[in-house]
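Peer 1: What follows is a protein structure lacking sequence information:
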Ligand SMILES: O=C(O)CCC(=O)C(=O)O
Ligand SMILES: [Fe+2]
């Protein structure tokens, strides 16, 4: 697990560089502005349900951290909302799924925090894991939290692109999320 977590940290560093560049910022911008301050890992266990229609599973949500790196077992179940349709994310053995991307054609849900600081350039998307009869299913979510305040990056704003969100602190944000 320690090895896995170290590798995911390295991957996170690369992803933050790519996201900075996608925003036309210096590649170290997001890391330099406290968007990547560590990692938490959560293990998920979804039992096999005899009557899945009586159970919710993980309901639709957007992640509030910046990046989530997801390792799924061989049993699928994750769905992302794309153009009003729930799309199954089929597990690929040995592959990680990155929950944070600006490109809707990759069918990847984005993170609310990305949407706020990019002033809507990255869109936040929903995902869910409905209960089903296959299972038990396991997954590991590694989240990369930030310690900066939420609010659009100043460098992205202009007369044509005014701030769509105000600046607010993480406790203020999570109290209302
Ligand atoms: O178990 C999964 O595939 C998704 C978990 C998830 O959405 C999360 O940790 O935020
Ligand atoms: Fe999630």
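Peer 2: Looks like it came in fine. This structure is a prediction, so every number in the text was calculated from the model and none was measured. Residues are numbered from 1 along each chain as shown. Ligands and ions are numbered 1, 2, ... in the order given.
Peer 1: And for stretch 84-97, what's in contact with it?
Peer 2: Contact partners of stretch 84-97, identified using CB atoms under 8 Å, 6 or more residues apart in numbering, comprise 8, 11, 69-76, 78-81, 107-108, 127-128. C-beta coordinates here come from the backbone N, C-alpha and C atoms, glycine included.
Peer 1: repeat that for 7 Å
Peer 2: Contact with stretch 84-97 is made by 69, 70, 71, 72, 73, 74, 76, 78, 79, 80, 107, as judged by CB atoms under 7 Å, 6 or more residues apart in numbering.
Peer 1: now check it, is it near ligand 1?
Peer 2: No - Stretch 84-97 is not in contact with ligand 1 by CB under 6 Å from any ligand atom; minimum separation 7.6 Å.
Peer 1: What is the distance between that stretch and the centre of its chain?
Peer 2: 14 Å (CA atoms, centre = their mean, to the nearest Å).
Peer 1: for stretch 139-153, same thing?
Peer 2: Per CA atoms, centre = their mean, the centroid offset for stretch 139-153 relative to its chain is 8 Å.
Peer 1: Stretch 45-59 too?
Peer 2: So, by CA atoms, centre = their mean, the centroid of stretch 45-59 is 22 Å from its chain's centroid.
Peer 1: end to end, how far does that stretch reach?
Peer 2: End-to-end distance for stretch 45-59, by CA to CA, to the nearest Å: 14 Å.
Peer 1: Pull out the buried members of the contacts of stretch 84-97.
Peer 2: 69, 70, 71, 72, 73, 78, 79, 80, 107 (16 or more other CB atoms under 10 Å).
Peer 1: Could you double-check that the first one sits in contact with residue 8?
Peer 2: When you say that, I think you mean residue 69. Yes - with contact defined as CB atoms under 7 Å, residue 69 reaches residue 8; the gap is 5.1 Å.
Peer 1: Show me the common contact partners of the two, please.
Peer 2: Joint contacts of residue 69 and residue 8 (CB under 7 Å, 6+ apart) are residue 142.
Peer 1: Quick one: the helices in the protein, in order.
Peer 2: Ranges of helices in the chain, per DSSP state H, are 2-22, 29-32, 112-117, 170-176.
Peer 1: quick one: residue 65 and residue 59, what's the gap?
Peer 2: 18 Å (CB to CB, to the nearest Å).
Peer 1: which one of the two has more residues nearby?
Peer 2: Neighbours were tallied for residue 65 and for residue 59 using other CB atoms under 10 Å; the higher tally belongs to residue 65 (20 against 9).
Peer 1: can I assume the more buried one is in contact with residue 144?
Peer 2: Yes - shown here, residue 65 and residue 144 form a contact pair, counting by CB under 7 Å, at 6.2 Å.
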